[in-house]
Every structure is written in C-alpha cells, then in structure tokens.
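Q: sequence first, predicted coordinates after that:
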Number of protein chains: 2
Amino acid sequence: MPKIVDHEARRMRLVEAVWSLAVRGGLEQVSLRKVAEEAGVSMGQVQHYYSSMQALIRDALDRAVQAVNATIENAVTAAGTTSPEVVLRAGLYALISPAEESTRLMRFALTAVGRAVSDPTTAKVLAPGDDELLTLTAGLIAAAREERGSVPRGEERTDADICWSLATSLGLDIALGYRTPEAAERVLDHHIEQVLR
Amino acid sequence: MPKIVDHEARRMRLVEAVWSLAVRGGLEQVSLRKVAEEAGVSMGQVQHYYSSMQALIRDALDRAVQAVNATIENAVTAAGTTSPEVVLRAGLYALISPAEESTRLMRFALTAVGRAVSDPTTAKVLAPGDDELLTLTAGLIAAAREERGSVPRGEERTDADICWSLATSLGLDIALGYRTPEAAERVLDHHIEQVLR
DNA sequence: GGTTTTACAATGCGATCGCATGGCAAAAGT
DNA sequence: ACTTTTGCCATGCGATCGCATTGTAAAACC
C-alpha cells in the first residue's frame, strides 16, 4: 500500500477552504481551482477526495450542520443536570452565540440555503430540529414551568417549536449583521420569560 | 423618436423570468442567455434593459421584496379599521399565506439570501422590518391587549419584533417545504394567543 | 526487487459565462 | 425626404468552469 495519509484531515482542510470561500463571496465563488488554491493544494487532490463539486459542497454542508448541532449538544451537556430552565437556555443560546466560529458556520449555512429551494437533498440537511429535539425541549419547558410554579398549559411542543424557530431566526439575523449577539440575547430572554411565565 | 414600447412591461417580463429560473434551479442558474430564453426574447434585449447581470438580479430582488411588502400592506389595509387584533393577525398572516405567488416570492428571496452574506447591498434589501413597522405593530399589540382586558406589560416593541421574526421564519419554512401553511398558521395562532394573553 | 496500489499532479477539452461590438429596422423630428 | 435616435438582434471574445485523462513518486506486498 502507498503513502499513508490522514484522509479525514485532508477532507477537513478542503471543507474549511469551502467554508472560507463561500463566506467570503457566496457559494458561487466556490470552484475546484479556488478551493485548491485556498487549501494550498493542487486541483488534482481535490478531485482525488471528492468525485464531484457537488459531493464536496454537500460534505461541507453536512459538516457545518453537524458542527452547529454539536455546539448545541455540548452546551446542553455542559449545563448538566442543573435546573431545566438553565438547560433550555443553554441549548437556545448556542444558536446566537457570539463565538466567531459559530457565526461563520451560520454564514456558510446561509450561502447554502438558496440551494435548498430547488434541491431536496440540501433541504433535508438544513431541515429544522427533529421530533426528538422538540420532545426533549417540550419536556424542559414543562419542567421549567413547574419549577417556577407557573400554571401548566399544555402545548409545550408548540412552545418548543417557537423557541427554536425564534432562536434560529435570531442566529441568522446575527450572521447577516442585522442584530448583535447581545441584542438577540435580550430578545430571546424576553421570549423565554414570556413562555415560562 | 423611435418605436414606443412599455419599458416597465419589458423589465417586469425579464424579472419574472429571473424569478422562475431562480426558483427552479437557484440563482446560479440565472444567466443572460437563460433569462432571454425564458422570457422569449433575445439576449440583446436583456442587455438593452440591464447594464449588467448584477443590475438585473438586483432589480429582480428589489421587486420581490417590494411585492412581499405590498401584500402585507394590502392585508393590513383590507383589514381596515376593525379591531387591532384583526389588523395584527392580517399583517402577520400575509407572510405565511398559502397563495402560490406568495410562496414563489419567498422562494426567490431565499435563493438570494446567500448573497447577503457577502454583499452588503443585498443584505440591506433583505433587512427585516424597519422601525416604523415595529412601532406600528407594537401599537397594535398594546391596543389588542387593552381590547382583551389583558394586563399591559410594556415591552410591546420586543413582542412585535418576535412576532415578525416568527412569522418570517414560518414563511421561509413553508417556502422550503418544512411546514404546510396550515401548520404554520396553527403555530402563529398559538403565539399570538400567548402574546395577547 | 519487482509488482501493485495508492496519492496525488499536470494538462487538456468542451461548455458556458458576462459582456463588448456592430449592424439594422422603425419611428419621431426637420 | 432625410437625418437622428432608439430598440433590439446577432455574433464574437476572453475567461472560467467541471471534469476526464495521463503521468509519476512512494510505499506496502510477494
């Protein structure tokens, strides 16, 4: 067998290049040559690791979405077994984090959203939280309400749905420069306060 | 002077072609030749009315945003001077309307969102509701609360902000096929109910 | 130590792109 | 009638695109 290289590292390097190029000038600025140059490798290497441009971009998107999900899970895990309200806030805040890498991933996701309009595969990758996340969040909301002594009012699933929609929307606003993370946090805080009231 | 033609009609025809092409295959599928073919005219005509591809797409985006705003204003105007809650609902519902043209415009806007990441001009066009809209909406919320006899709690501006964020988010979900208009309406109804409670 | 397999690198091809250019028909002004 | 202006068409150019092809150096296997 030939040279032993770290395939994962190679791919990650190329995906990073795609992220940078796309954030800098949109997905349309991502080409085999540009990616190769940005990553400091030859065009041949890009072709060696990805059978097509589509495959490269798809992998870049997959990894971006997975990275965002990972930050949410990490935030929730870090919150540990404190009060449900703290866990709830931790998860939602992950989407409006001022961390530069977080914003970068959101920005890249935004450059790919356009494709979701005509490409069902892309749409599936970018789809909002699944049932499992919604169920978990609904449980957190119910528990947090109980903890606060609020009147339970059912419909926690819809409340959870709205929370994630709002947090995502705020995160995208941050990525587009429409809001600062601080302003977004104030809005999100206010909403959580209303929900748990 | 030469042939008299309806410039506005010509431009609108080209913009329509851009919308169709972009919704069908993303903004990257929009080219001078394709637009000309889609509109059933020559490439020269496209060049005659738009000095560059950028100008054409910018006009298409401007008109799309203006069209969406128009549907909101029309909905509000149509609601007339009934109760503030009805007016509020009318405006918000406009963003999740099941009307085909409405979804089409949202879809096109989505194909352009990616550009906003790296193009401040596009970002400005796609920016969320301005202060005026927010102030107006906040007034409607306050009035609707009073009408219902709810306790006033200030912060109506933030409530208005959240309402528009949620409605927009739901509208985009519909455009991407993540939700049906009916499901989105249920979510929005629930939120309005919570806000006015 | 030769063979094979892997990991690239370099180059070329056909298609498509935005845009510039030049020409031409029609109609308003003189 | 003739000039001028406008609306539009057709064509060509240089750049860039994704991808196929071919070549090559290195390392595991026999």
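A: Right, received. Where do you want to start? All figures in this text were calculated on a predicted structure; none of them were measured in a lab.

Q: right, is stretch A:47-60 up against chain B?
A: No: residues of stretch A:47-60 are not located near chain B by CB under 8 Å from any CB of the partner chain, the shortest gap being 11.4 Å. Every C-beta, even on glycine, is put in place using the N, C-alpha and C of the backbone.

Q: kindly apply the preceding question to stretch A:184-197 instead.
A: Yes: legend: contact between stretch A:184-197 and chain B by CB under 8 Å from any CB is shown at A:R186, A:V187, A:H190, A:H191, A:Q194, A:V195.

Q: so for that stretch, what gets flagged as buried?
A: A:A184, A:E185, A:V187, A:L188, A:H191, A:I192, A:Q194, A:V195, A:L196 (16 or more other CB atoms under 10 Å in any protein chain shown).

Q: ok, and what's touching it?
A: A:85, A:88-89, A:92-93, A:96, A:141, A:144-145, A:148, A:150, A:159, A:162-163, A:166-167, A:170-171, A:173-174, A:179, B:155, B:158-159, B:161-162, B:165, B:194-195 (CB atoms under 8 Å, 6 or more residues apart in numbering or on different chains).

Q: how close does the most centrally placed residue in chain A get to A:R13?
A: The residue lying closest to the centre of chain A (CA atoms, centre = their mean) is A:V68, at 3.2 Å. Using CB to CB, to the nearest Å, one gets 20 Å for the distance from A:V68 to A:R13.

Q: all the helices of chain A, residue numbers only.
A: Assigned by DSSP state H, chain A shows helices spanning A:7-25, A:32-39, A:43-49, A:53-79, A:84-93, A:100-118, A:120-125, A:131-148, A:156-175, A:181-196.

Q: that older thread, tell me the two of the buried residues of stretch A:184-197 that are most distant?
A: Pairwise distances across the buried residues of stretch A:184-197 (CB to CB) peak at 18.5 Å, for the pair A:A184 and A:L196.

Q: so A:D119 versus B:R115, what's the distance?
A: For A:D119 relative to B:R115 (CB to CB), the value is 17 Å.

Q: which one's more surrounded, these two?
A: B:R115 (25 against 16; other CB atoms under 10 Å in any protein chain shown).

Q: show me what contacts the more buried one?
A: A:G26, B:L27, B:T122.

Q: ok, and the most crowded of those residues?
A: Neighbour-wise, the contacts of B:R115 (other CB under 10 Å) top out at B:L27, 26 neighbours.

Q: that one contacts B:L110, correct?
A: No: using CB atoms under 8 Å, B:L27 makes no contact with B:L110, being 9.7 Å away.

Q: now do the shared contacts for these two.
A: Residues touching both B:L27 and B:L110 by CB under 8 Å, 6+ apart: A:G114.

Q: if we can go back for a sec, dump the helices of chain A to CSV, plus distance to B:W19 and mean pLDDT.
A: Output for the helices of chain A, formatted as CSV (distance: least, CB to CB, whole Å; pLDDT from 0 to 100):
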stretch, distance to B:W19, mean pLDDT
helix A:7-25, 23, 97
helix A:32-39, 29, 98
helix A:43-49, 34, 97
helix A:53-79, 24, 97
helix A:84-93, 35, 97
helix A:100-118, 11, 97
helix A:120-125, 19, 97
helix A:131-148, 33, 96
helix A:156-175, 22, 98
helix A:181-196, 31, 97
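
Q: switch those over to a markdown table; also include distance to B:L32.
A: Below are the helices of chain A laid out as a markdown table (distance: least, CB to CB, whole Å):
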| stretch | distance to B:L32 |
| --- | --- |
| helix A:7-25 | 20 |
| helix A:32-39 | 23 |
| helix A:43-49 | 28 |
| helix A:53-79 | 22 |
| helix A:84-93 | 45 |
| helix A:100-118 | 19 |
| helix A:120-125 | 26 |
| helix A:131-148 | 44 |
| helix A:156-175 | 31 |
| helix A:181-196 | 40 |
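
Q: can you lay out those helices as a markdown table showing distance to DNA strand C?
A: What follows is the helices of chain A, written out as a markdown table (distance: least, CB to the nearest atom of the strand, whole Å):
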| stretch | distance to DNA strand C |
| --- | --- |
| helix A:7-25 | 5 |
| helix A:32-39 | 8 |
| helix A:43-49 | 2 |
| helix A:53-79 | 12 |
| helix A:84-93 | 38 |
| helix A:100-118 | 15 |
| helix A:120-125 | 20 |
| helix A:131-148 | 36 |
| helix A:156-175 | 26 |
| helix A:181-196 | 36 |
